[in-house]
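Participant: Quick one: sequence plus predicted model below, questions after.
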Amino acid sequence: MIRFSLVIFSLVCLVPSALALEQKMVTRYSLGDSSVPNAVKGGRTVTDWTLQETGPVMDLEFHDKSKNGVVWLGSVQGAARYNPYEKHPWDRWQYFAGKRWLADDAVEKIWIDKKAAHETVWIRTATGVNRIEWKPISYAEKAAHYDALVEKYHLRHNFVSKILLDTPGDLSTSRTNDNDNDGLWSAMYLVAQAYRYAATKDPDARMKARRTLDALIRLEEINPIPGFYSRSFKHISEPSPDAGMWGKNADESEWVWINTETTLEDLCHIPNDWYEKEPGHWVQGANKGKKNIRHHGEWHLTPDKQWLWKGDTSSDETVGHYYAYGLYFDLVANDEEKKIIQDKVRLLTDTLIRDDYYLKDLNGIPTRWGNWNVSYFESYEGRYERALRSMELLSLLKVTYHITGDEKYQKEYLKFVDMGLAHYTNEYRRWESAFSEVNFSDDELYYLSVQPLMMYEDDPTLRKIYLDGMRFAWGEIASDKNALWTYINASCGIIEMNPRMLDDARRTLDRTPWEMIEWTVKNSHRIDFGQMPKKDRHGNGEFDRVIPVDERAIHKHNANPYQPDAGRGGNAQETPTHWLLPYWMGRYHGWIE
C-alpha cells in the first residue's frame, strides 16, 4: 500500500544535537484559577480566518499572532497553529484537540504570552484553561523523564508494560496489570537499556537491562515445561487475572479455580486450536463442536499455589526473547552472563527443534500462534504467514548459532534456506497469498527479526536475497516515519542513512508527547487529510498520510499511525519504550549526538 509522503529537509545539520529539542508541555487550570492571566479571562476578540490555505478543520477564527508571525486560530473543534514560514507539513500546521492539549475542544480565547522566555500560549475553552509551552530541553532530559516514568509506575515483577488509571489522567490512581506480551514489551525495554549501556557505560542502564533479563528468564522457569516461555505471571498478592475462573482461598493465601461450569482443560481446548491429523502434522479446527468459552487466557497454577502463569504463548514472545538475548549478549553481557544466555537459548531452540518447530503448551498441543512447521506454510493462513514466519525462524536459528557457536544450529538454518525459506522472506508486504492485510504488529515482528538476522549473516548471497525483500518492505513502510524502523534499516545495510531519513526520525522523537497518557484523540473530521478507500484490518478508517505523532493517540510500534481516531479516554498510560528504544539505538550509532 503506497501512501503520499511529502518530505522537505535541510542539509544544514545531518545529526540532531543533544539540545535541538523544543518539547511541548501542558499545564492545566480551572476557569477560576488565580494563576490564569487576566488577558486569558477576558472577552473574545476574534475575526474570521480568510487565508485560502486549508487548515486542519473548518470555521477557524483568528485569535492571536506572535512576534515572529505565527498565527493561532480557534474553533469548536480545537485550536490550530499556523506558521507561514515553515515548509514541512508537520510544522506549518499543528492541530490541538482532545484532552492531551485542551480541557475541551470549544475554544473561546487564545492568548500568546509574548513576554515569556520561550513560546507560550494560553487556551481557554468552555470548561478550563490550558497553557502550552515549547520548552528547550535536551534529548538526555527527555530520556531521563521517560526512565523516571518507568521506575515510578510501570514495573511489575520487573516487567515493563502499560498501567491502568482508575481516574482518567490521574496517575495517583494507577495500577499495574498483566499483559499478553509482557515478554515482548519488556524485551524491547531491555534492548533500549542495552543500547544505553553500550553508548554511555552507565551502570544504571546495565542494572535495568539485567533485571529485565532476569524477568524474561523467569518466564521460562516459572512453568514446568523446559524450553517453554510463559506469556506472563501473577502473584497471589495481585488481583486475579480472570475473575471468572481464578479466585483465592478464604485467607487469600492461595490461588483456586472457582468456575463451576467449566474446567481448565476445557478452556485450553477452545475452537480453532490445533489437532494432530497425523503424527507430526497439526491442523486447525479440532474443537469446532465445542462452545467458545469466554476467558482471559490460559492461566496455570504453580505447585506452591502462589503464582499463576499464562500459557498459549505466541510468536510475539518468541521474537522478543531472541531479540533481547542477542542484543544483551552483544552489548552488555559479561562472561558469566554469556554462559547463562547460551544455556537458555540452547534450551529454547532445542525444544523447538525437538517439537518439529511447534511451540507446545502444557497439554502438548501447539499454541495458537506458535507454529513454524513448514507444512503450515501450505495452508490458506500459512501461505500469508510464511514470509514473516520464515523470517522469524531463520532469525532465531541465526541468533542461537551466534550465541552458542554450535554448528548444528547453522546446519539447521541452512537446511531451511535450502527449502526456500530465505526466498519466502521476500514475500513480506508483497501479498502473494489469497489472504492479505496490512498488519502493523507483523511489521514490528518483522523488523525485530530482521535486525539480528542481518547482524549475524555475512554470506553475500544470502544477504542479497534478504535485502531484496527488505528494501521492498522499506518502500511500503518508510512513510510511517517510524524512527526505530528507520534506524534498523540503516544499521542492517538495507538502506543508506541520509538527511531526509534523519529528519523524519528526529521529528518523530521530537514530537513524541511528554505525557504517555492514552487520551482519546479524534481526527476523522479533519479536512487536511485524505481518507484511504479501504478500512484497516480492525475496521477503522485510515488517512493517506501519517498523522504527526503528537496529533494521534499514544501507541506502541505495533499500532496504526494512520488511524485518525483512537485512545482510551485517559484510562491508561503507555510505557515510553517506543521512544527509548529508537533514541538509544540512534545514540549508539551516532545518529543522535
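Facilitator: All right, it came through fine.

Participant: any chance you could map the strands in the stretch 251-400 of the chain?
Facilitator: Applying DSSP state E, counting those that start in this stretch to the stretch 251-400 of the chain gives strands spanning 255-257, 274-278, 281-284, 299-301, 307-310, 358-360, 366-371.

Participant: so what secondary structure elements neighbour the fifth one?
Facilitator: When you say that, I think you mean strand 307-310. Other helices and strands packing on strand 307-310, by 3 or more C-beta pairs under 8 Å, 6 or more residues apart in numbering; DSSP states H and E, are strand 233-235, strand 299-301. Quick note: C-beta positions are derived from backbone N, CA and C, even for glycine.

Participant: Just the C-alphas of that strand, formatted as PDB.
Facilitator: Only the C-alpha atoms of strand 307-310 are listed here, as PDB (Å, rounded to 0.1, in the frame of the first residue of the first chain):
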ATOM      1  CA  TRP A 307       1.600 -17.900  41.200                       C
ATOM      2  CA  LEU A 308      -0.400 -18.200  38.000                       C
ATOM      3  CA  TRP A 309       1.500 -18.400  34.800                       C
ATOM      4  CA  LYS A 310      -0.100 -17.700  31.400                       C
END
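
Participant: circling back: just put the helices and strands packed on strand 307-310 in a markdown table and tack on mean neighbour count and distance to S314.
Facilitator: Compiled in a markdown table, these are given as follows (neighbours: other C-beta atoms under 10 Å; distance: least, C-beta to C-beta, whole Å):
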| stretch | mean neighbour count | distance to S314 |
| --- | --- | --- |
| strand 233-235 | 19 | 16 |
| strand 299-301 | 21 | 15 |
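
Participant: Out of those, flag the one nearest K398.
Facilitator: Using C-beta to C-beta as the criterion, the shortest distance between K398 and the helices and strands packed on strand 307-310 is 29.1 Å, found for strand 233-235.

Participant: now that closest one, how far from the centre of its chain.
Facilitator: Strand 233-235 has its C-alpha centroid displaced from the chain centroid by 23 Å (C-alpha atoms, centre = their mean, to the nearest Å).

Participant: again with stretch 544-553
Facilitator: Between the centre of stretch 544-553 and the centre of its chain there are 15 Å (C-alpha atoms, centre = their mean).

Participant: How about residues contacting that stretch?
Facilitator: Residues outside stretch 544-553 that contact it (C-beta atoms under 8 Å, 6 or more residues apart in numbering) are 3-6, 24, 89-90, 94-95, 100, 479-481, 507-508, 511-513, 518-521, 523, 529-532, 559, 561-564, 566-567.

Participant: now those: which count as buried?
Facilitator: Neighbour-count burial (16 or more other C-beta atoms under 10 Å) is assigned, among the contacts of stretch 544-553, to 3, 24, 90, 94-95, 100, 479-481, 507-508, 511-513, 518-521, 523, 529, 532, 559, 561-564, 566-567.

Participant: which SS state does the spatially most central residue of the chain fall under?
Facilitator: Residue closest to the mean C-alpha point of the chain, counted by C-alpha atoms, centre = their mean, is K556 at 2.4 Å. Classification of K556 using DSSP: H, G, I helix; E, B strand; the rest coil returns coil.

Participant: Setting aside sequence neighbours, what's the nearest residue to it?
Facilitator: H578 (5.1 Å; C-beta to C-beta, 6 or more residues apart in numbering).

Participant: Run through the neighbouring helices and strands of the helix or strand hosting that neighbour.
Facilitator: Using DSSP states H and E, H578 sits in helix 577-589. Using 3+ C-beta pairs under 8 Å, 6+ apart, the elements in contact with helix 577-589 are helix 139-153, helix 182-200, helix 483-491, helix 499-511.

Participant: Is the residue nearest to K556 in contact with H557, as I believe?
Facilitator: Yes: here H578 reaches H557: they are 5.6 Å apart, a contact under C-beta atoms under 8 Å.

Participant: Just give the number of residues close to M501.
Facilitator: 21 (other C-beta atoms under 10 Å).

Participant: how much space between the residue lying closest to it once chain neighbours are set aside and I477?
Facilitator: In this structure, M501 finds its nearest non-sequential neighbour in T486, 5.2 Å apart by C-beta to C-beta, 6+ apart. T486 sits 9 Å away from I477, taking C-beta to C-beta, to the nearest Å as the criterion.

Participant: same thing with K534?
Facilitator: 18 Å.

Participant: now swap in A198 and tell me
Facilitator: With C-beta to C-beta as the criterion, A198 and I477 are 26 Å apart.

Participant: still on that earlier bit, tabulate the helices and strands packed on helix 577-589 (a markdown table), appending mean pLDDT.
Facilitator: Compiled in a markdown table, the helices and strands packed on helix 577-589 are given as follows (pLDDT from 0 to 100):
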| stretch | mean pLDDT |
| --- | --- |
| helix 139-153 | 98 |
| helix 182-200 | 98 |
| helix 483-491 | 97 |
| helix 499-511 | 95 |
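
Participant: Quick check: which of the ones you listed is buried the most?
Facilitator: Most buried of the helices and strands packed on helix 577-589, by mean neighbour count (mean count of other C-beta atoms under 10 Å): helix 182-200, with a mean of 26.

Participant: name the helices or strands packed onto that helix?
Facilitator: strand 159-160, helix 203-221, helix 315-331, helix 577-589.

Participant: Give the intersection of the neighbour lists for H578 and H557.
Facilitator: With C-beta under 8 Å, 6+ apart as the test, H578 and H557 both reach L484.

Participant: Who has more neighbours out of the two?
Facilitator: Set side by side, H578 and H557 show more neighbours around H578, with 28 against 21, by other C-beta under 10 Å.

Participant: And the more buried one, what's its pLDDT?
Facilitator: With respect to pLDDT, H578 scores 98.

Participant: Find the nearest non-adjacent residue to L308, please.
Facilitator: W299 (4.4 Å).

Participant: Tell me which residues touch the one you found, please.
Facilitator: Contacts of W299 by C-beta under 8 Å, 6+ apart are K234, P241, D242, M245, W246, L308, W309, K310, G311.

Participant: Specify the beta-bridge partners of the first one.
Facilitator: Spelled out, it's K234. L308 (DSSP bridges).

Participant: Go ahead and confirm it touches N177.
Facilitator: No: counting by C-beta under 8 Å, K234 sits too far from N177 to count as a contact (9.2 Å).

Participant: what's the angle from the top helix by length along the chain to helix 315-331?
Facilitator: For the chain, the longest helix by residue count, based on DSSP state H, is helix 380-404. Angle of helix 380-404 versus helix 315-331, following axes from the mean of the first three to the mean of the last three C-alpha atoms, to 10 degrees, is 20 degrees.

Participant: ok, N259 touching G244?
Facilitator: Yes: counting by C-beta under 8 Å, G244 is a contact partner of N259 at 6.1 Å.

Participant: between those two, which one's more packed in?
Facilitator: Shown here are N259 and G244; by other C-beta under 10 Å, N259 has more neighbours (17 against 14).

Participant: Can you give me every residue that contacts that one?
Facilitator: Contacts of N259 by C-beta under 8 Å, 6+ apart are G244, M245.

Participant: again with W485
Facilitator: Counted by C-beta under 8 Å, 6+ apart, W485 has contacts D443, Y447, W474, I477, H557.

Participant: can you check D202 too?
Facilitator: Neighbouring residues of D202 by C-beta under 8 Å, 6+ apart: R196.

Participant: Good, wrapping up.
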